[in-house]
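Trainee: Sequence plus the predicted model coming up.
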Amino acid sequence: MNQAKTNYVLILAGLAMMGAMHLVVPAEAENVTQTVEMVRVDVQKLSTGYRASKIIGSNVVNDAGETIGKIDDLIVSPDDNKSAYVILSVGGWLGMGTHLVALPYDALHISTAKILLPGATRDSMKSLPEFKYSPGMN
């Protein structure tokens with residue numbers, strides 16, 4: 001092998017080894033400490049809960065059994081990252097002329113048979129302020 005090819009092979013081997021070292025050596029953050037509070041969750045009980053993917057799109061009824069809206073989305077409050085809100089699509093017909101309203105998730109009574117919003121009427125839902133997603137949330 002001539003000298004030029006030998007140098008080329010040695011350079012490539014050196015670069016490959018340097019690249020491999022970057023994959024193996026863990027990155028070190030500068031003076032960053034991270035703590036995560038561990039909380040025990042009753043996974044048996046949680047597994048019987050209601051999944052957001054199953055709730056979204058469901059009809060919401062009132063005490064009289066009338067459909068007053070459909071769940072469009074679930075949102076967690078950015079203020080405390082704990083409060084959940086349900087976004088209902090109300091009014092309109094076949095998706096036309098509807099508007100969205102926000103209600104605390106706790107206002108709903110959810111069972112396997114139905115999602116109930118006690119004391120609500122179609123008119124009371126239509127009179128609530130319209131909810132609009134912020135531009136980055138659509």
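Mentor: On my side now, so go ahead.

Trainee: quick one: the residue lying closest to Val76 once chain neighbours are set aside from Val36, how far?
Mentor: Counting by CB to CB, 6 or more residues apart in numbering, Ala84 is the residue found nearest to Val76 once chain neighbours are left out, at 5.6 Å. (Each C-beta comes from the backbone N, C-alpha and C, glycine too.) Between Ala84 and Val36 the distance is 22 Å, computed by CB to CB, to the nearest Å.

Trainee: Equivalent analysis for Gly119, please.
Mentor: According to CB to CB, Gly119 stands 41 Å off from Val36.

Trainee: do Val86 as well
Mentor: Applying CB to CB, one obtains 29 Å for the distance of Val86 from Val36.

Trainee: Look at the two and report which has more neighbours.
Mentor: More crowded of Val86 and Val36, by other CB atoms under 10 Å: Val86, with 26 against 5.

Trainee: Quick check: which ranges of this structure have low pLDDT?
Mentor: Low-confidence regions of the chain, defined by pLDDT under 70, span residues 1-30, 94-95, 137-138.

Trainee: Tell me which stretches of it form helices.
Mentor: For the chain, the helices defined by DSSP state H occupy 3-24, 43-46, 52-55, 122-126.

Trainee: The third one packs against which elements?
Mentor: Counting contacts by 3 or more CB pairs under 8 Å, 6 or more residues apart in numbering; DSSP states H and E, the secondary-structure elements packed against helix 52-55 are strand 67-76.

Trainee: Buried residues in the strand it packs on, which are they?
Mentor: By neighbour count, with 16 or more other CB atoms under 10 Å as the criterion, the buried positions of strand 67-76 are 68-73, 75.

Trainee: From these, pick the one nearest Asn31.
Mentor: Distances from these to Asn31 were compared by CB to CB; the smallest belongs to Ile75, at 35.4 Å.

Trainee: what residues are up against that closest one?
Mentor: Taking CB atoms under 8 Å, 6 or more residues apart in numbering as the contact definition, Ile75 lies against 84-85, 87, 102.

Trainee: so of those residues, which ones are in strands?
Mentor: 84-85, 87, 102 (DSSP state E).

Trainee: In JSON lines, list these along with distance to Gln44.
Mentor: Listed next are the ones in strands among the contacts of Ile75 as JSON lines, based on distance: CB to CB, whole Å:
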{"residue": "Ala84", "distance to Gln44": "22"}
{"residue": "Tyr85", "distance to Gln44": "27"}
{"residue": "Ile87", "distance to Gln44": "30"}
{"residue": "Ala102", "distance to Gln44": "32"}
